[in-house]
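J.: Need coordinates for the following:
(one chain, ligands or ions: 2)
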Amino acid sequence: MLVVMKQSATDAEIDRVAETIRDMGYDARPIPGRQRTAIGLIGNDGRVDSGRLEGLSGVLEVIVVSHPYKQVSREWKAEDTIVTLPNGTRIGGTEIAIMAGPCAVESEDQIVGIARSLREAGATILRGGAFKPRTSPYSFQGLGEEGLRLLAVAREETGMAIVTEAVEPEAVEIVAEFADIVQIGARNMQNYPLLRRAGQAGKPVLLKRGMSATIKELLLAAEYLLAEGNEQVILCERGVRSFDTHTRNLLDLTAIPVVRGLSHLPIIADPSHGTGVRAKVTPMARAAVAAGADGLMVEVHPDPERALSDGAQSLYPDDFVDLMRQIRVIGRALDRELVPPLGTLRVAESAAG
Ligand code: PEP
Ligand code: MN
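T.: Ligands and ions are numbered 1, 2, ... in the order given. Sure thing, here's the model as predicted:
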């Protein structure tokens with residue numbers, strides 16, 4: 001934080017500001033300039049009451065220079081955080097991690113069948129909602145606990161890790177029991193009781209950006225998770241509201257390099273919810289990898305026309321095979337490889353462990 005003094009400020013006024021800062025428990029560092037003096041406040045823990053300084057005589061303005069979030073910032077930790085899953089998938093290093101699956105778990109045949117094809121195509125993480133946060137209360141709300149059980153069957157069969165959403169604080173525990181990654185959806189990005197519980201769940205958390213949330217708000221939401229002692233956090237850009245109606249959302253690709261600059265946490269992109277239109281998913285997935293995403297979350301359904309949710313944005317399994325081939329090439333141009341496919345050995349190991 002920087003307190004900028006008026007040109008006319010006297011030495012006594014400058015001293016008074018410095019004294020007040022010290023009185024508040026921080027260090028004051030006067031920075032004399034040619035036109036005016038500024039006083040740096042060192043050690044801002046996010047609790048500084050800037051109003052107290054703004055009101056002092058001789059003060060022109062108070063500029064907040066440090067971020068309101070701490071533990072998620074690069075200043076706090078310079079090196080990238082890498083989230084490692086039990087099946088060996090690493091998210092946030094040099095590898096690109098792929099999460100794929102249907103919007104919702106619908107039946108054992110559906111989830112186990114699609115998991116097999118996705119694994120075959122090289123994905124190592126299976127997505128699928130058991131608890132669905134639907135815009136309409138009359139839409140399919142998910143299979144609930146039965147959905148979690150079916151995801152566990154798919155993991156057992158394929159060795160894929162599971163990511164699935166918790167929509168309320170009370171459900172975090174049961175979701176964390178089954179999932180390898182607990183997902184917090186866009187609609188819940190600022191549900192603080194839910195964030196706190198997810199921060200205590202002892203499992204990695206995938207935090208999706210709210211549809212009208214700024215990047216700062218996304219990072220502050222992540223700060224809640226880290227403040228509870230959970231550093232295994234993956235951020236996800238999934239599109240924000242826009243005035244254009246050609247797509248469901250506007251996938252904000254700029255968020256990827258911006259977040260990578262500000263935070264050590266991995267960031268992935270979800271071009272499925274980000275566009276809402278099947279034909280736009282693959283181009284935006286390619287673009288997200290080119291922009292530096294640490295991974296993708298993509299909806300794939302064995303029979304999108306009959307999907308109980310988000311069929312219009314779900315890829316056919318064959319589209320997904322093409323997508324994987326294309327992003328492998330794009331990744332290499334950036335010296336990044338896809339997370340290696342799950343070999344039979346690894347499946348046997350994870351099933352045994
Ligand atoms: C989802 O991934 O299942 C989902 C509902 O996405 P979002 O929270 O981004 O809308
Ligand atoms: Mn969906």
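J.: Any figure for the gap between the residue in the stretch 1-150 of the chain that ligand 2 sits nearest to and ligand 1?
T.: Closest to ligand 2 within the stretch 1-150 of the chain is C103: 3.3 Å, counting by Cβ to the ion. For glycine as for every other residue, the C-beta is placed from the backbone atoms N, C-alpha and C. From C103 across to ligand 1, the span is 6 Å (Cβ to the nearest ligand atom, to the nearest Å).
J.: Count the residues that sit near that residue.
T.: By the other Cβ atoms under 10 Å criterion, the neighbourhood of C103 contains 24 residues.
J.: next one: K70
T.: So K70, with other Cβ under 10 Å, has 16 neighbours.
J.: In contact with it, which residues?
T.: 45-46, 76, 223 (Cβ atoms under 8 Å, 6 or more residues apart in numbering).
J.: any chance of the residues you listed in TSV, plus secondary structure, distance to ligand 1 and neighbour count?
T.: Output for those, formatted as TSV (DSSP: H, G, I helix; E, B strand; the rest coil; distance: Cβ to the nearest ligand atom, whole Å; neighbours: other Cβ atoms under 10 Å):
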residue	secondary structure	distance to ligand 1	neighbour count
D45	coil	32	9
G46	coil	27	12
W76	coil	27	13
E223	helix	19	22
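J.: all helices of the stretch 101-250 of the chain, in order?
T.: Secondary structure of the stretch 101-250 of the chain by DSSP state H, counting those that start in this stretch: the helices cover 108-121, 145-158, 172-178, 192-199, 215-227.
J.: closest one to D303 among those?
T.: For D303, the closest of the helices of the stretch 101-250 of the chain is helix 108-121, at 8.2 Å, according to Cβ to Cβ.
J.: Okay, buried residues for the top helix by length along the chain please.
T.: In terms of residue count, the longest helix belonging to the chain (DSSP state H) is helix 317-333. With burial defined by 16 or more other Cβ atoms under 10 Å, the residues of helix 317-333 counted as buried are 317, 319-321, 323-324, 327, 330-331.
J.: Which elements pack onto that helix?
T.: strand 97-101, helix 108-121, helix 278-290, strand 295-299 (3 or more Cβ pairs under 8 Å, 6 or more residues apart in numbering; DSSP states H and E).
J.: contact partners of it?
T.: 96, 98, 100, 114, 117-118, 121-123, 278, 281-282, 285-286, 289-290, 296, 298, 300, 302, 315, 337-338.
J.: which of those count as buried?
T.: 96, 98, 100, 114, 117-118, 121-123, 278, 281-282, 285-286, 289, 296, 298, 300, 302, 315, 338.
J.: Contact partners for the residue in the stretch 1-150 of the chain that ligand 1 sits nearest to?
T.: Relative to ligand 1, the nearest point of the stretch 1-150 of the chain is G129 (4.7 Å; Cβ to the nearest ligand atom). G129 makes contact with 103-105, 142, 147, 164-165, 309, according to Cβ under 8 Å, 6+ apart.
J.: give me that answer again for 7 Å
T.: With contact set as Cβ atoms under 7 Å, 6 or more residues apart in numbering, G129 has these partners: 103-105, 142, 164-165.
J.: export those to JSON lines and tack on pLDDT?
T.: Shown next, in JSON lines, are those (pLDDT from 0 to 100):
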{"residue": "C103", "pLDDT": "98"}
{"residue": "A104", "pLDDT": "98"}
{"residue": "V105", "pLDDT": "98"}
{"residue": "G142", "pLDDT": "96"}
{"residue": "T164", "pLDDT": "98"}
{"residue": "E165", "pLDDT": "98"}
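J.: Show me which of those residues are buried.
T.: Buried among the contacts of G129 (16+ other Cβ under 10 Å): 103-105, 142, 164-165.
J.: and the residues you listed, which of them are in strands?
T.: 164-165 (DSSP state E).
J.: related to what we said a few turns ago, tell me the one of the contacts of K70 nearest P257?
T.: Nearest member of the contacts of K70 to P257, counting by Cβ to Cβ, is W76, at 19.3 Å.
J.: pretty sure A291 contacts A255?
T.: No - A291 is not in contact with A255 according to Cβ atoms under 7 Å; the separation is 8.9 Å.
J.: Compare these two (neighbour count), which wins?
T.: More crowded of A291 and A255, by other Cβ under 10 Å: A255, with 24 against 19.
J.: List the contacts of that one.
T.: 209, 215, 237.
J.: Type out the ChimeraX command that picks the buried ones from those.
T.: Filtering the contacts of A255 down to the buried ones (16+ other Cβ under 10 Å) takes a single ChimeraX command:
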select :209,215,237
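J.: a markdown table please, covering the contacts of A255 and showing pLDDT.
T.: Output for the contacts of A255, formatted as a markdown table (pLDDT from 0 to 100):
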| residue | pLDDT |
| --- | --- |
| R209 | 98 |
| I215 | 98 |
| E237 | 99 |
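J.: Tabulate the contacts of A255 in a markdown table, adding columns for distance to A18.
T.: As requested, the contacts of A255 are arranged in a markdown table below (distance: Cβ to Cβ, whole Å):
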| residue | distance to A18 |
| --- | --- |
| R209 | 40 |
| I215 | 33 |
| E237 | 42 |
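J.: Give me the neighbour count for the residue in the stretch 251-353 of the chain positioned nearest to ligand 1.
T.: Closest approach between the stretch 251-353 of the chain and ligand 1, counting by Cβ to the nearest ligand atom: H273, at 4.2 Å. By other Cβ under 10 Å, the residues close to H273 number 25.
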